[in-house]
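Participant: structure, please.
(one chain, ligands or ions: 2)
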Amino acid sequence: MQITYYGHSCFGIEIEGKHLLFDPFITGNELAKHISLKDIRADFILLSHGHSDHTADVEALAKDRKGCRIISNYEIVSWFEKKGIPGHPMNFGGAFPFGFGKVKMVQAIHSSVLADGTYAGNPGGFVIESKEGNIYYAGDTALSLDMQLIPPRTRLDLAILPIGSNFTMDYTDAAVAADYVRCNQILGMHYDTFGYIRVDHAAAKRAFAERGKLLTLMEVGETRDFKCGR
Ligand code: NI
Ligand code: MN
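Facilitator: Numbering: from 1, shown residues only. Ligands and ions are numbered 1, 2, ... in the order given. Here you go, the predicted structure:
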């Protein structure tokens, strides 16, 4: 599975020929100044919650891309629909079979509001099952026992977890989260972007290695192939 990191919590993932983009925050990210929106492909934009460090570039990206649709909760999808951007509304526990695979919305422990103060529903994460592999994109979240509800239903190949602390769980809690979701291949997000969330990369990788897990921290703009599926 090909994954490109665009900084902060933004990843582009290609599944079954479709381009999924998660939580775009690029033009406002000092660490992503070398990334140009026009180079980013997006058939679907998945949004974990309304905060601007996850949604700031949605309008610019979606308006330029024919057929691009948002996948998020009802409140966020409704807000973007008023701006002329189509979307697919979901809520916790629900799943939908999109062409590229099945997306299930799961909860996150965080808060959520849109840029103009509009209520953005509750923050969430996504579990995606596809022929090319199963992934968990946690969104902004604290460590939560509810993560243990994922593995009985879905055998994960990759978990994308926040590790930066302050606004989300830190890498020590994220390593426990990796245990909860029973996944050994972890991709880190939500770190280094702001002063509050700078992370010692070596220490973070050690915290996962101690639990027999591999934490990957990608360079902004880097594309990697992750071994998924069976
Ligand atoms: Ni947030
Ligand atoms: Mn955030």
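Participant: how close does the closest residue to A42 other than its chain neighbours get to ligand 2?
Facilitator: Once flanking residues are discounted, A42 sits nearest to L21: 4.0 Å by C-beta to C-beta, 6 or more residues apart in numbering. Bear in mind the C-beta positions are built from the backbone N, C-alpha and C, glycine included. Separation of L21 from ligand 2 (C-beta to the ion, to the nearest Å): 16 Å.
Participant: what about L21, neighbour count?
Facilitator: For L21, the count of nearby residues is 27 (other C-beta atoms under 10 Å).
Participant: how far away is V127 from L217?
Facilitator: 22 Å (C-beta to C-beta, to the nearest Å).
Participant: and the two? which has more neighbours close in?
Facilitator: Using other C-beta under 10 Å, the more surrounded residue of V127 and L217 is V127, with 22 against 19.
Participant: three-state assignment of the nearest residue to that one once chain neighbours are set aside?
Facilitator: Leaving aside its sequence neighbours, V127 sits nearest to K104 (C-beta to C-beta, 6+ apart; 4.4 Å). Using DSSP: H, G, I helix; E, B strand; the rest coil, the structure places K104 in strand.
Participant: look up how far A204 lies from K104.
Facilitator: 27 Å.
Participant: also D116?
Facilitator: Using C-beta to C-beta, D116 is found at 35 Å from A204.
Participant: enumerate the residues of the protein near ligand 1.
Facilitator: Residues of the chain lying close to ligand 1 by C-beta under 5 Å from the ion are 51, 140.
Participant: return the residues of the protein in contact with ligand 2.
Facilitator: 53, 140.
Participant: which residues of the chain fall in strands?
Facilitator: Secondary structure of the chain by DSSP state E: the strands cover 2-5, 11-15, 18-22, 44-46, 69-73, 87-90, 95-98, 101-107, 124-130, 133-137, 158-162, 185-189, 214-216, 223-225.
Participant: reformat those as JSON lines; add mean pLDDT.
Facilitator: Converted to JSON lines, the strands of the chain look like this (pLDDT from 0 to 100):
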{"stretch": "strand 2-5", "mean pLDDT": "97"}
{"stretch": "strand 11-15", "mean pLDDT": "97"}
{"stretch": "strand 18-22", "mean pLDDT": "98"}
{"stretch": "strand 44-46", "mean pLDDT": "98"}
{"stretch": "strand 69-73", "mean pLDDT": "98"}
{"stretch": "strand 87-90", "mean pLDDT": "98"}
{"stretch": "strand 95-98", "mean pLDDT": "98"}
{"stretch": "strand 101-107", "mean pLDDT": "98"}
{"stretch": "strand 124-130", "mean pLDDT": "98"}
{"stretch": "strand 133-137", "mean pLDDT": "97"}
{"stretch": "strand 158-162", "mean pLDDT": "98"}
{"stretch": "strand 185-189", "mean pLDDT": "98"}
{"stretch": "strand 214-216", "mean pLDDT": "98"}
{"stretch": "strand 223-225", "mean pLDDT": "96"}
